[in-house]
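# Provided below are the primary sequence and the corresponding predicted coordinates.
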Amino acid sequence: MQINNLKNINSLKAQTLQKNLIDAKIKKDFNEILEKFILNKNQVANNTSNKLVSLGKINNKNSTVSQLIYSTKFKRDCWDIIYNDINSSKSFTKIKPNTEIFLNSETRELIWGDKVKEYSNSNNNIKFSKNEYSNFNNNTDFSKSTNIFNKMPRMVASEFNFSKTPSLKADSTKLAQAVRKFIGKDYSQMDCYELIVGGLKNIGVKYQGKGGLGKHLMKAALDRGFDYNHFFNGEGIVATSGINVFKKSILSIGNPDKEAKKIMLDMENLLKEGQILSFSTRTKGHTGIVSKNNNTWTFINSGEIDNNINGKNGHKGVGEENLAKEIQNWFNLAKNRKQGLKITLGAMDMSKLSSFSPKATLISRKT
């Protein structure tokens, strides 16, 4: 009897001990699993928030941040990245050649230079992953274009910080007044194409982002089999969103002074303030806005100012020049380079541009 009781007691102790051991193991396993889960979660958070993706370096082939983005798998999000609020104050025009540009794939912030070091110092788990994300398209060489209008400007106009977009004004002549506000800006801050886009934005045209004119120009180029930046010029904006008023191609220049005066006479009765005037040779292109100053036709543009209506000549930036003299300059240039000259005068179609107003974009998103 005592032997049986002893066996029962020992059996109960053994069961209790076994249960305690199992409970302890479960608790230990659970703690280990929980610890690993928390650790992994933190690592994932760190990896996603701190990982910087190398987009490549600014060079002759990819001279703008947008070109770098477009050469990677992020190309579909190119403009959304550039227009992101976190990048709104970035000085894209001051990026030096051979500078490597990084993208925070979580926050979409674009960084370079000393900012990269700051990230590195503040995030021990930072990773510079180029191969994982960047698929460079070596077949696209923007530097091979012979026409400057087919090249991306130093800084895409959408990468320039403009004021808030006002409501669209119906009168296209307002474009001349809109660009006049930029007179005095240095060329490093605003080139000739950026000047036009700045003026369009000031009269209420939405350029950046979904439903903007910029994406419309890109889509129009791709649909026609061109490079995506084919219409990023004065001629392109008129071709896709305006009407041609006057177009002339001169294969060779004989007497530049005489031929320039004839072109001015041919255009004079067609001129209106706010029209976009573009010049193009085989190796150089330029665009600007037609305006008027004391009954004299003028050309508001960004470039070498040597026919200034008001102020000194010799600076490079936004200025207002005598239109007839500017036309003569281009005939002289084409003559000296032994190249032809193409002149295009266009007017914006305000009914087309109305589809790029903030209100129209809002309506399209609701439908």
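It's in.

# now residue 337: closest residue in space that isn't a chain neighbour?
When the adjacent residues along the chain are set aside, residue 337 lies closest to residue 281, with 6.4 Å between them (Cβ to Cβ, 6 or more residues apart in numbering). Where C-beta positions appear, they are placed from N, C-alpha and C, glycine not excepted.

# for the one you found, what are its contacts?
Applying Cβ atoms under 8 Å, 6 or more residues apart in numbering to residue 281 gives the contacts 330, 333, 334, 337, 339, 340, 341, 342.

# list the contacts of stretch 107-121.
In this structure, residues lying in contact with stretch 107-121 by Cβ under 8 Å, 6+ apart are 49-50, 52, 55, 65, 77, 80-82, 84, 86-87, 90, 95, 99-104, 126.

# mean confidence for it?
For stretch 107-121, mean pLDDT is 82.

# which parts of that stretch are buried?
Neighbour-count burial for stretch 107-121, with 16 or more other Cβ atoms under 10 Å as criterion, is recorded at 108, 109, 110, 111, 112, 116, 119.

# for the fourth one, list each beta-bridge partner.
Okay, so that is residue 111. According to DSSP bridges, the residues that bridge with residue 111 are residue 102.

# what about it, distance to residue 55?
Using Cβ to Cβ, to the nearest Å, residue 111 is found at 10 Å from residue 55.

# what touches both of these two?
Counting by Cβ under 8 Å, 6+ apart, the residues touching both residue 111 and residue 55 are 101, 102, 103.

# tabulate those (JSON lines), appending pLDDT and distance to residue 321.
Output for these, formatted as JSON lines (pLDDT from 0 to 100; distance: Cβ to Cβ, whole Å):
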{"residue": "101", "pLDDT": "91", "distance to residue 321": "36"}
{"residue": "102", "pLDDT": "92", "distance to residue 321": "41"}
{"residue": "103", "pLDDT": "91", "distance to residue 321": "40"}
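
# could you dump the residues you listed to JSON lines with distance to residue 204 and neighbour count?
Converted to JSON lines, the shared contacts of residue 111 and residue 55 look like this (distance: Cβ to Cβ, whole Å; neighbours: other Cβ atoms under 10 Å):
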{"residue": "101", "distance to residue 204": "32", "neighbour count": "23"}
{"residue": "102", "distance to residue 204": "35", "neighbour count": "23"}
{"residue": "103", "distance to residue 204": "31", "neighbour count": "25"}
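
# which one among these gets closest to residue 227?
Of all these, residue 227 sits closest to residue 101, with 20.6 Å by Cβ to Cβ.

# the closest one is in contact with residue 55, isn't it?
Yes. Contact criterion Cβ atoms under 8 Å: residue 101 and residue 55 qualify, at 4.7 Å.

# what residues are shared contacts of these two?
65, 68, 110.

# quick one: the first one from residue 191, how far?
Meaning residue 65. Taking Cβ to Cβ, one finds residue 65 at 15 Å from residue 191.

# low-confidence ranges, the chain, go.
1-50, 79, 83, 88, 120-172, 357-367 (pLDDT under 70).

# picking up where we left off before, neighbour-wise, which of the contacts of residue 281 leads?
residue 341 (26 neighbours; other Cβ atoms under 10 Å).

# quick check: that residue touching residue 250?
Yes. Contact criterion Cβ under 8 Å: residue 341 and residue 250 qualify, at 4.9 Å.

# joint contacts of the two?
Jointly contacting residue 341 and residue 250 under the rule Cβ under 8 Å, 6+ apart are residue 334.
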